[in-house]
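Colleague: coords please:
(one chain, ligands or ions: 1)
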Amino acid sequence: MEAAAATTPKTTEARPAAGVPSYDEGMNVQPRMVLLVEDEETITVPLTEALAREGFRTETAGTLAAGLEIARRQRPDLVLLDVMLPDGSGFDLLRELRDGERMPVIMLTARGDEADRVLGLELGADDYVVKPFSARELVARIRAVLRRTSAASTPAAAGPQQIGGLELDPSARTVTLDGAPLELTRKEFDLLALLMGQAGTVVSRERLIDEVWDVNWFGSTKTLDVHVSGLRKKLGDDSSDPRYLHTVRGVGFRFASSVEPDAP
Ligand code: CA
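Modeller: Purely as a prediction, here's the structure:
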């Protein structure tokens, strides 16, 4: 095989291996880095060129071992992960990456291999593309995933948010209502953070699904409604007359930008 060339990481300049998510710092200054873990040069070569044209810096690893090393050392903004690699399954690397800090992953799966797609999503992949894919399609998916994951981390830079008696601290991932801590699931928290960040404006159902779940999520409509209703219950909101989380019928949801202490 011609894995040798792909296995050797093309090291450009030294980046500090800080334990800081790379999208928090200098995201407008440094190009986003994509780690491509793939052993087929017919894919890696044109894809690296296409990503460069779109302003991404790409590191290529042709094996799981090289992929894991680069992921840990360089902390890429996103990982493109093939399933069939010379030294094992991409799912093993996915599991490793999911053990540590959040790092967005898009799986590159074989045509018709539905089981791979399901397993990838269950293991926490953010999305998948089916081979053969166009560079254009993949870049669109990359942007969607980065938008979604950085939207979830952007409020951290903005600091804690407060609306009425509700306080959300994105960096600590804590929420309190009238001083009492609220126990939210991960998705409920992401949903609330996104809605509070856009308080006063309508956020469409599509955007919520796109940013909190996945562009390819099946049955998302029901999932979204279940989470909104769970969130309302925890906020003490009455769905027929909510204080915080308002339904905009047929469009989406709007979070109140301010809440009267005791509205008549
Ligand atoms: Ca392969």
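
Colleague: gap between the nearest residue to residue 123 once chain neighbours are set aside and the ion?
Modeller: Ranked by Cβ to Cβ, 6 or more residues apart in numbering and with sequence neighbours excluded, the top spatial neighbour of residue 123 is residue 94, at 5.0 Å. Placement of C-beta: from N, CA and C, glycine included. Using Cβ to the ion, to the nearest Å, we find residue 94 at a distance of 14 Å from the ion.

Colleague: I'd assumed residue 120 was in contact with residue 94.
Modeller: Yes. At 6.8 Å, residue 94 counts as touching residue 120 under the criterion of Cβ atoms under 8 Å.

Colleague: between these two, which contacts overlap?
Modeller: residue 107 (Cβ atoms under 8 Å, 6 or more residues apart in numbering).

Colleague: pop the domain breakdown of this structure in here.
Modeller: Per automatic domain parsing, the structural domains of the chain span 10-18+31-153, 161-255.

Colleague: residue ranges in the chain under the pLDDT threshold?
Modeller: 1-30, 100-101, 150-158, 214-221, 260-264 (pLDDT under 70).

Colleague: what residues does it put near the ion?
Modeller: 39, 82, 84 (Cβ under 5 Å from the ion).

Colleague: buried stuff in stretch 43-63?
Modeller: Judged by neighbour count using 16 or more other Cβ atoms under 10 Å, the buried positions of stretch 43-63 are 43-44, 47-48, 50-51, 54, 56-63.

Colleague: ok, now stretch 86-102?
Modeller: With burial defined by 16+ other Cβ under 10 Å, the residues of stretch 86-102 counted as buried are 90-91, 93-94, 97.

Colleague: which residues touch stretch 237-244?
Modeller: 163-164, 166, 229, 232, 235-236, 245, 247, 255-256, 259, 263.

Colleague: from those, which land in strands?
Modeller: Judged by DSSP state E, the contacts of stretch 237-244 include 163, 166, 245, 247, 255 as members of strands.

Colleague: the stretch 51-200 of the chain: helices as residue ranges?
Modeller: Assigned by DSSP state H, counting those that start in this stretch, the helices in the stretch 51-200 of the chain fall at 64-74, 90-99, 114-122, 135-158, 186-197.

Colleague: so what touches the third one?
Modeller: Surrounding helix 114-122, the residues in contact under the criterion Cβ under 8 Å, 6+ apart are 83, 91, 94, 107, 109-110, 128, 130, 214, 216.

Colleague: could you give the angle of it to helix 90-99?
Modeller: Angle, helix 114-122 to helix 90-99, by axes from the mean of the first three to the mean of the last three Cα atoms, to 10 degrees: 10 degrees.

Colleague: CA atoms of helix 114-122 as CSV?
Modeller: C-alpha atoms of helix 114-122 as CSV (Å, rounded to 0.1, in the frame of the first residue of the first chain):
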residue,chain,number,x,y,z
GLU,A,114,-25.8,1.6,7.6
ALA,A,115,-24.5,-0.3,10.6
ASP,A,116,-21.3,1.8,10.5
ARG,A,117,-23.3,5.0,10.4
VAL,A,118,-25.5,4.0,13.3
LEU,A,119,-22.5,2.8,15.4
GLY,A,120,-20.6,6.0,14.7
LEU,A,121,-23.5,8.2,15.8
GLU,A,122,-24.0,6.1,18.9
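
Colleague: quick one: buried residues of that helix?
Modeller: Residues 116-117, 119-121 are the ones in helix 114-122 that count as buried (16+ other Cβ under 10 Å).

Colleague: tell me how far the ends of stretch 112-130 are from each other?
Modeller: End-to-end span of stretch 112-130 (Cα to Cα, to the nearest Å): 8 Å.

Colleague: tell me the gap between that stretch and the middle of its chain.
Modeller: Here stretch 112-130 is found 15 Å from its chain centre; the criterion is Cα atoms, centre = their mean, to the nearest Å.
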